[in-house]
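Engineer: sequence plus the predicted model coming up.
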Amino acid sequence: MGSELISETPEQRDTRMRWWREARFGMFIHWGVYAVPAGVYKGRQIPGIGEWIMHTAKIPVAEYREFAKQFNPVKYNPEEWVLLAKEAGMRYIVITSKHHDGFALFDSKVTDWDVVDATPYGKDLLKPLVEACRKHGIRIGFYYSQAQDWNHPGGAAAGGHWDPAQEGSMDEYIEKIAIPQVKEILTNYGKIDILWWDTPVGMTRERAEKFLPLLSLQPGIITNDRLGGGFEGDFGTPEQYIPPTGIPGRDWEVCMTMNDTWGYKSYDHNWKSTETLIRNLVDIASKGGNYLLNVGPTAEGLIPEPSVVRLKEIGKWMKVNGESIYATTASPFKRLPWGRCTKKVRPDGATLYLHVFDWPGDGRLFVPGLKSKVKTAFLLADPERRPLHTSSVEDGVIVEVPKAAPDPICSVVVLEVEGELKVEQFLTQAQDGSILLPASDAVLHGRTIRYEGGHNRDNIGFWTDPDEWVEWDFKVIKPGKFIVTAEIAALEPSPFLVILGDQKIRCTAPVTGDWGRFEEVNLGILEIGSSGKASLSVRPVREGWRPMNLRSIKLKPE
């Protein structure tokens, strides 16, 4: 919204975005008629995500509309949903007011393809959810599919229509269905905090501009980057992946499923563990982003029990550690060998929240590169906040912690530092002595070679010039002999050298068949004779060199 609709000062934008930036954690709800087939059509399990079943199975419009007669969510209890989100530590909810199948969860006056007119339930589903959110202090947002609509004539469909009933003018569809419906959801429910556009198939700048005046109906509303037409909105939306280095200079929110689908599928039992979900939340917050975690309710109106269990387990962790997530900003460290870090800046210094995934067995947590004076340290899980002993060493700070981790998933050590936060950036060894040299931390030498970050991309690419090379500087604490491996993707075999001091290993990139298909390759043995600073480089061998993508180099003690 912001700069696209009105002129905002940076201070005004910060004020508008403040609650969203502080929230860090929200619930996504994908709910609609697709919960009736639940991934099954004519006795066959349809691959892909549940809410796309109409598109994937190419179900005719008239046939798909019959499913609405079985959509009767009599077990829907919106207050339970809101209380579950609140118990999980979530601060906002975004629900699909209308997804790509064109079915509205509200009483739309421009179509009868909605929950009031087309289902036996016959009641608006959004209104009681909004009311419950307000009652319990949760912000509310509406997802709206502004371009794709597989039921109304003229609505877009990725890859094209499959039923003559879908044919029509997209401009007419936007004028008669999409714009009036967006006006309905922005005027009929009081204050709405977020408008979440999706998949701008066929959206030109001219079409997108028609929606912008509607945003003035909700002063202060926050929008995402999927309207189309070149409009960036207020925040980016990485989907199903965490950007390796965040998105510096941009507000962003990762949306993710708990299993493999957004809309309910009866047979999708591939649930992520609570550990994965909590560590995702921590990882995202440590890079300055928000986490929008999805639930896909059934046609009866129930959130699947595995989702409920996981949300309650996340909530137990958040009850102890939420302070380390809410209103924090990105880590001052590029990478930590044992976990992640979030921070809060204070007038007299900063508070660092060290999220420890790999608890040190020797009771000594090394914080590499921290040069600031530590005022106090304590465990967030300790209600008495008894101080932990810290000592400054040449390369950072050591915190003496209990031998046993307070939480097996993620324990939080709090460091309050005085004055300006000073961190010297370098890579160092993990607790097991291994050294990871990731693409995102490489120093690149050349004009065309570059780091690629994005969905399924976390590598050094565009490596077409054999005179270009990469290197990493790192600190060694435990010297010795190391097995060297690399993650590489290449279309042709390509020779290169791994160089450490006066040691050289000649290697050949494997043929993986795809730039995004990486293989871990054993490169050989290197010896590091002393602790301290070291530098490793990867250089092409000019004769026979072909481009390759490099994701990481790893040194593991022999």
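Structural biologist: Yep, it's here.
Engineer: doesn't Lys343 make contact with Ala350?
Structural biologist: Yes. Between Ala350 and Lys343 there is a contact under CB atoms under 8 Å: 5.6 Å. C-beta here means a position set from N, CA and C on the backbone, and glycine is covered the same way.
Engineer: what sits in contact with each of these two?
Structural biologist: Contact criterion CB atoms under 8 Å, 6 or more residues apart in numbering; residues shared by Ala350 and Lys343: Leu421.
Engineer: how far does stretch 433-444 sit from its chain's centre?
Structural biologist: Put simply, stretch 433-444 sits 22 Å off its chain's centre (CA atoms, centre = their mean, to the nearest Å).
Engineer: hmm, I was thinking of stretch 266-277
Structural biologist: Using CA atoms, centre = their mean, the mean C-alpha position of stretch 266-277 is found 16 Å from that of the whole chain.
Engineer: pull the CA atoms of it into PDB?
Structural biologist: Provided in PDB are the C-alpha atoms of stretch 266-277 (Å, rounded to 0.1, in the frame of the first residue of the first chain):
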ATOM      1  CA  SER A 266      -7.500 -36.400   4.200                       C
ATOM      2  CA  TYR A 267      -4.400 -38.500   3.400                       C
ATOM      3  CA  ASP A 268      -1.500 -36.000   3.900                       C
ATOM      4  CA  HIS A 269       0.100 -37.100   7.100                       C
ATOM      5  CA  ASN A 270       3.600 -35.800   6.300                       C
ATOM      6  CA  TRP A 271       3.700 -33.500   9.400                       C
ATOM      7  CA  LYS A 272       6.700 -31.400  10.300                       C
ATOM      8  CA  SER A 273       7.900 -32.000  13.800                       C
ATOM      9  CA  THR A 274       7.400 -29.500  16.500                       C
ATOM     10  CA  GLU A 275      11.200 -29.100  16.600                       C
ATOM     11  CA  THR A 276      11.300 -28.100  12.900                       C
ATOM     12  CA  LEU A 277       8.400 -25.600  13.400                       C
END
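Engineer: how about stretch 189-204: buried residues?
Structural biologist: Going by neighbour count (16 or more other CB atoms under 10 Å), the buried part of stretch 189-204 is 189, 192-203.
Engineer: cross the residues you listed against strands and list the overlap.
Structural biologist: 194-197 (DSSP state E).
Engineer: need those in a markdown table with distance to Val374 and pLDDT, can you?
Structural biologist: Formatted as a markdown table, these follow (distance: CB to CB, whole Å; pLDDT from 0 to 100):
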| residue | distance to Val374 | pLDDT |
| --- | --- | --- |
| Ile194 | 39 | 98 |
| Leu195 | 44 | 98 |
| Trp196 | 41 | 98 |
| Trp197 | 45 | 98 |
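Engineer: tell me the two of the residues you listed that are most distant?
Structural biologist: Largest separation among those by CB to CB: Ile194 and Trp197, giving 10.4 Å.
Engineer: which neighbours do these two share?
Structural biologist: The contact sets of Ile194 and Trp197 overlap at 223-224 (CB under 8 Å, 6+ apart).
Engineer: roughly how far does Asp163 sit from His152?
Structural biologist: Distance, Asp163 to His152, by CB to CB, to the nearest Å: 12 Å.
Engineer: got it, and Tyr121?
Structural biologist: Following CB to CB, the distance that separates Tyr121 from His152 is 21 Å.
Engineer: circling back to that earlier point, neighbour count for Asp163 and His152, which is higher?
Structural biologist: His152 (20 against 17; other CB atoms under 10 Å).
Engineer: residues contacting the residue most central in space within the chain?
Structural biologist: Centroid-nearest residue in the chain: Val254, 2.5 Å away (criterion: CA atoms, centre = their mean). Listed by CB under 8 Å, 6+ apart, the contact partners of Val254 are 237-239, 241-243, 280, 284, 289-292.
Engineer: of these, which is the nearest to Lys556?
Structural biologist: When the contacts of Val254 are compared against Lys556 (criterion: CB to CB), the nearest one is Ile242, at 24.3 Å.
Engineer: any stretches of the chain with poor pLDDT?
Structural biologist: Scanning the chain for pLDDT under 70 picks out 1-6.
Engineer: run through the helices of it in chain order.
Structural biologist: Ranges of helices within the chain are 2-5, 10-23, 53-56, 61-65, 78-87, 115-118, 126-135, 170-173, 179-187, 205-209, 274-286, 305-321, based on DSSP state H.
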